[in-house]
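Visitor: Have a look at this prediction, sequence included:
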4 protein chains.
Amino acid sequence: MNSFGMKLRFSTFGESHGKALGCILDGVPAGLDIDEAYIQSELDRRKPGKSEFETARKEADKVEILSGVFEGKSTGTPIAMIIYNTNQKSKDYSNIKDVFRPGHADFTYFHKYGMRDYRGGGRSSARETAARVAAGAIAKLMLRSLGIEVLSGISEIHGIKAQKYNYSYVNESIIYALDPDIEPAQKEAVLEAKNRHDSVGGVSRVLIKGVPVGLGQPLYYKLDGVLADAMMGINAVKAVEIGDGVLSARALGSTNNDAIRANGFETNHAGGILGGISNGDDIVLNVYFKPTPSIFQKQHTVTTTNEEVDFSLKGRHDPCVAIRGTIVCEAMAALVIADMLLLNMGSTMSGLINYYK
Amino acid sequence: MNSFGMKLRFSTFGESHGKALGCILDGVPAGLDIDEAYIQSELDRRKPGKSEFETARKEADKVEILSGVFEGKSTGTPIAMIIYNTNQKSKDYSNIKDVFRPGHADFTYFHKYGMRDYRGGGRSSARETAARVAAGAIAKLMLRSLGIEVLSGISEIHGIKAQKYNYSYVNESIIYALDPDIEPAQKEAVLEAKNRHDSVGGVSRVLIKGVPVGLGQPLYYKLDGVLADAMMGINAVKAVEIGDGVLSARALGSTNNDAIRANGFETNHAGGILGGISNGDDIVLNVYFKPTPSIFQKQHTVTTTNEEVDFSLKGRHDPCVAIRGTIVCEAMAALVIADMLLLNMGSTMSGLINYYK
Amino acid sequence: MNSFGMKLRFSTFGESHGKALGCILDGVPAGLDIDEAYIQSELDRRKPGKSEFETARKEADKVEILSGVFEGKSTGTPIAMIIYNTNQKSKDYSNIKDVFRPGHADFTYFHKYGMRDYRGGGRSSARETAARVAAGAIAKLMLRSLGIEVLSGISEIHGIKAQKYNYSYVNESIIYALDPDIEPAQKEAVLEAKNRHDSVGGVSRVLIKGVPVGLGQPLYYKLDGVLADAMMGINAVKAVEIGDGVLSARALGSTNNDAIRANGFETNHAGGILGGISNGDDIVLNVYFKPTPSIFQKQHTVTTTNEEVDFSLKGRHDPCVAIRGTIVCEAMAALVIADMLLLNMGSTMSGLINYYK
Amino acid sequence: MNSFGMKLRFSTFGESHGKALGCILDGVPAGLDIDEAYIQSELDRRKPGKSEFETARKEADKVEILSGVFEGKSTGTPIAMIIYNTNQKSKDYSNIKDVFRPGHADFTYFHKYGMRDYRGGGRSSARETAARVAAGAIAKLMLRSLGIEVLSGISEIHGIKAQKYNYSYVNESIIYALDPDIEPAQKEAVLEAKNRHDSVGGVSRVLIKGVPVGLGQPLYYKLDGVLADAMMGINAVKAVEIGDGVLSARALGSTNNDAIRANGFETNHAGGILGGISNGDDIVLNVYFKPTPSIFQKQHTVTTTNEEVDFSLKGRHDPCVAIRGTIVCEAMAALVIADMLLLNMGSTMSGLINYYK
């Protein structure tokens, strides 16, 4: 249950303050050029400690490939990647050993497993998402060979919304903002909350370009369903929209339908997916992150023996998890699309016969 | 890829205008009383043709159990259920044989498979959800044995929102409305659209009561992720929220966190799930349905040979798919919870040892 | 757990004396000509009651396709097939209601599930294999498009071994014998046992011709491993060999290795599989069936309340399950090969890129 | 496809001459005492270079746990284990870069993936089984908590068969022999072949004691089927028997059936499994290993460009892979049984209800 994907399948391991974390990525076709510098650059986008908008915990997040690559190319065998933890400070967490942090998974892990690794959230920490980004980087390399691109950026922070989506600006922005004009107000919202020992939520908008028609395995491994699972499964995500999402539920059929012309769709309310299958248009997702539950204000909670206490968290935390979260959304989206590309092979007899000719 | 669930797994078959549709439900523990009248009553809630708010196609939706039940009890073997189509009128669909209906899966199925069963949408028709409701009814019977209840209702139609959620009212309402005071306006919105040969979207709100702490298999079979997949995979769904959902992305950490007291949580912004695991509180979902793509107004589209045409659909269609859709949401939610109950067994060594003692 | 296969996946349902049995076959590529007469002819090969070498229970085993086929071709959606039971005589089995038949699954089902459908073995009856044969027939149609053929026959009964393997003779033989010269002695062994109210074991030899190099997903969905699972999972099978099997464990490396020449292998001790992957040579399996446990001699057993009794079975039974079992071996082998063909697509980047060009 | 198991699932990575190999073991219940010394001791049983009966390659096979264990106990999260390769000598293998070793997976990997990591067989090397033994050791710790024991030993080498099965002797024997009287002849057969630059096959006999009635998920995740897959998937295995296996196909029903008495079965021809479900008796398997394909005699083969050559292998190899292979059989058997224990939970409603009470 720590694995994701059907034909391109990754399994992750590791805790926030353990020795190492990493993943096995299984199902990468043989012959892909494995550009290690690129993989590292993706990890660098997600890694913490780059600015005041992120946690102060600094991690090198240096990834090492242990298997599955020979002379620079994938061999078709599992690619294992490992990232050693270098800046874990377990003593930071001694004060949460016996108490459940509100909004965190402490309470649920403890009751599910009868125990928990309390150091920094253990397995439930978003630190695990580094492994997803490493796997996602390889998926992106696969997609690039087919002309598919996965982009994302922050469209909204604490209700302050981008008015335009400029994906080429994102990597110039320390908060991965989509709209340079709105970015200053978004930054201010983050810092204001931080100064009040509070946190804010935000929204990642994901754009996938160049996807061929036909991806998605109906009816229970649909492209939209699997993307929803992939996104909702990211730490702190509470809502996922495909295309117009919530707004489509308020629209009329006559305005929500995307009319079709010989060269494509006139509009893209559907977000590139019809009946759980890609329609060739851009795939668009909105992913809603709650505010970081780790705040320094005093909160009501209970201990592991169910005694009520007032609790103030210490430690190092992102004031807005959506910011680094958007990199994880990209990685997960890339993994889903790559998996669907592989699964779609063999949907027709003619495709099967051609393959073996 | 036409199966859902890990330990409680159902596989469906059938097309809108084929001989029959149905499912195999695998993994039901032995010894469950299979109340056939209850299963039929759930199908009756979803079946079409009950009012002017639904399609005029009348189907008995009579379910027959073929296996897995002996002397009224489940035997632990697969339960197959079949529903014969009785009111298919394939001639209704001859006019869509060579044309893609906007907003439908016609375009994507044709391009994925190189062909399609065009009769009423074939496999992509929401008619298939009858099989989900049959399977969901058995899941509900399982859950009832453990004091778990899955409820739902319509909270919003065409932007007209319920002000209160009265789940006990739902079955009195022909549109499964949660708020009797808002219901008339919601009905009017549906009929007004229908009269204009248009359709409207809507929102189903799902409430799951009595779920024990600990359900959900992190990190990639999380309760919220799987629920999101289950809901997004329902025909016409474009967004899914857990708990406060979209709103949580606009909140502060200090207001979004649910404080904990000895007898439970003070609030439920999280919608009953923390870290992908149930926290014992009510689970709350909002499921957003787009307006029915089947409308009678003239629309731009193309033929299967990519010629542009103006097209007016004929046939029988729901003016608001959310209405009957809410019954499917319940079914899927019940199936997910039942699966998670089974998967959670063996999370601890003490649980394992006790089981075999 | 009532499903088999990864990309070509079938799920079966049904009990020996229930209303019907059948299966859903999911993952058949769209565009395959579904030759219903051929499917029926495969079921006819397996169906009981054709001679004195089989059980006297007569079943029409008429298969009906419920979905997934449109205008004679597969559509890429699940193909459901149903076979109604017509000759169940539940009263035959009232005498075994409270007693466990030695050598049968009665004991284990009762203890696993706390109950059992005792009518003719219920789910554990080999009657379920009719559904496998129906699914296997469609797999064979797929394979035929690629020039792959799955053959089998009886090589040994009660220790009497074929001296040659004449697969073209098999369908002329009422016991599916591979060697016409040995067939009379094999038949006599069956009848002699039958006359003594006893039963005999036998061996099916499976030959798969035309398999391309490269099928099998190492290291845990190997071609040989999955074939072993598929064969061992057939009722009454107790051993499986690939190629030389048991004998290879007594050989030297120098004689067991298959030398390679430019046009192929010099020998085929390996049975067409190296490292879990097909090597392009014929795939050869031997499948060992125990004698039918249903015999009419008096045996020691216990009741469901653990009282010791002497028990004489009544009813209608095959004196040698291997005979009809060989048809099931073929079906399962065909399903495995077809699944592996689909899974193998995308093993290389060049294959992936070509597919989407 | 590099994963095995359903609820207790392990995924392995690594090549013979890569940096490291290892695995992720997912699904271990929380609260198990993880005895690292025991895990290492299991690896020590399998590790190479201990005697003249094994390859001269010396590997420390030191295992390190990276995650999933906290304060000496499993936490319910994935347990990652890593073993660094320390004695790889890639230059040993430069002579096989362009040639396919007969009896090896070189040919099939090359054709499946269009390339191969030729160093020591790469992924197809039996070196990967170290990861299985590490995972299997944890499974054994789980089983021990329930009183289940997995034993094995060598019953036969080059046709020389044990006359008795003394499992307590096995760990005293450098070749894991079951019969101390036959051991000298078996050793001599190995050394004689080795001296002739040849190799021999052998048989591992596996005994599993203390398994409760009810394990196995019919009809397609049967205990015998999954064991067959697990064993056949081990490098060099060509046949698997359950209980009497091949001999049962030559027996009569009257002698092959195991009569039942109030305190258990009178005999155990079935090898502890009926209808794919454990019957509470000892589970017995025989696993047949072909002779090591790596021999130093001159053999016919072809190059990667299909030129015929005469080829003499160099390097370090086991003269009889069955010897160390028996440790892998134990590991795989333990993993299967542990998985089945977890899967069996929830087979009955009463079990489910009791669990959540």
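Guide: That came through fine. Residues are numbered from 1 along each chain as shown, chains lettered A, B, ... in the order given.
Visitor: Just grab the bridge partners of residue A:260 for me.
Guide: Taking DSSP bridges as the rule, residue A:260 bridges to residue A:265.
Visitor: how many other residues sit next to it?
Guide: 26 (other CB atoms under 10 Å in any protein chain shown). Every C-beta, even on glycine, is put in place using the N, C-alpha and C of the backbone.
Visitor: In the stretch 1-150 of chain A, mark out all the helices, start to finish.
Guide: For the stretch 1-150 of chain A, helices defined by DSSP state H, counting those that start in this stretch occupy the ranges A:36-46, A:106-113, A:129-144.
Visitor: quick one: which of those is nearest chain B?
Guide: Of all the helices of the stretch 1-150 of chain A, helix A:106-113 sits nearest to chain B, with 3.7 Å by CB to the nearest CB.
Visitor: Can you name every helix or strand that the closest one contacts?
Guide: strand B:277-278 (3 or more CB pairs under 8 Å, 6 or more residues apart in numbering or on different chains; DSSP states H and E).
Visitor: List the strands paired with the helix or strand just after the strand it packs on, with their directions.
Guide: Using DSSP states H and E, the helix or strand that follows strand B:277-278 towards the C-terminus is strand B:283-289. Partners of strand B:283-289 in the sheet, by DSSP bridges, are strand B:202-209 (antiparallel), strand B:237-242 (antiparallel).
Visitor: Check the offset of the last one from the chain's centre.
Guide: The reference is to strand B:237-242. 12 Å (CA atoms, centre = their mean, to the nearest Å).
Visitor: Equivalent analysis for stretch A:302-321, please.
Guide: 25 Å.
Visitor: Mean confidence (pLDDT) on it, please.
Guide: The average of the pLDDT scores along stretch A:302-321 is 92.
Visitor: ok, and the closest non-adjacent residue to residue A:124?
Guide: Spatial nearest neighbour of residue A:124, excluding adjacent residues (CB to CB, 6 or more residues apart in numbering or on different chains): residue A:105 at 3.7 Å.
Visitor: and the angle for the lengthiest helix in chain A with strand A:283-289?
Guide: Longest helix in chain A, counting residues (DSSP state H): helix A:321-344. Relative orientation of helix A:321-344 versus strand A:283-289 (axes from the mean of the first three to the mean of the last three CA atoms, to 10 degrees): 140 degrees.
Visitor: Would whichever helix or strand comes after helix A:321-344 count as contacting chain B?
Guide: Using DSSP H and E, the next helix or strand after helix A:321-344 towards the C-terminus is helix A:349-356. Yes - counting by CB under 8 Å from any CB of the partner chain, chain B has neighbours in helix A:349-356: residue A:350.
Visitor: Pull out the buried positions in helix A:349-356.
Guide: A:349, A:351-352, A:355 (16 or more other CB atoms under 10 Å in any protein chain shown).
Visitor: hmm, back to that, residue A:227 is nearest to which of the helices of the stretch 1-150 of chain A?
Guide: Between residue A:227 and the helices of the stretch 1-150 of chain A, the shortest separation by CB to CB is 13.3 Å, and it involves helix A:129-144.
Visitor: if we can go back for a sec, single out the most deeply packed of the helices of the stretch 1-150 of chain A.
Guide: Of those, the one with the most neighbours on average (mean count of other CB atoms under 10 Å in any protein chain shown) is helix A:129-144, at a mean of 26.
Visitor: May I have that one as PDB, with CA atoms only?
Guide: Coordinates of each C-alpha in helix A:129-144 appear next as PDB, following Å, rounded to 0.1, in the frame of the first residue of the first chain:
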ATOM      1  CA  THR A 129       7.400  13.500  -1.300                       C
ATOM      2  CA  ALA A 130      11.100  13.900  -2.200                       C
ATOM      3  CA  ALA A 131      11.000  10.300  -3.400                       C
ATOM      4  CA  ARG A 132       7.900  11.100  -5.500                       C
ATOM      5  CA  VAL A 133       9.800  13.900  -7.100                       C
ATOM      6  CA  ALA A 134      12.700  11.700  -8.000                       C
ATOM      7  CA  ALA A 135      10.400   9.100  -9.600                       C
ATOM      8  CA  GLY A 136       8.400  11.900 -11.300                       C
ATOM      9  CA  ALA A 137      11.600  13.200 -12.800                       C
ATOM     10  CA  ILE A 138      12.200  10.000 -14.600                       C
ATOM     11  CA  ALA A 139       8.600   9.900 -15.700                       C
ATOM     12  CA  LYS A 140       9.100  13.400 -17.100                       C
ATOM     13  CA  LEU A 141      12.100  12.200 -19.100                       C
ATOM     14  CA  MET A 142       9.900   9.500 -20.600                       C
ATOM     15  CA  LEU A 143       7.200  11.900 -21.400                       C
ATOM     16  CA  ARG A 144       9.600  14.300 -23.000                       C
END
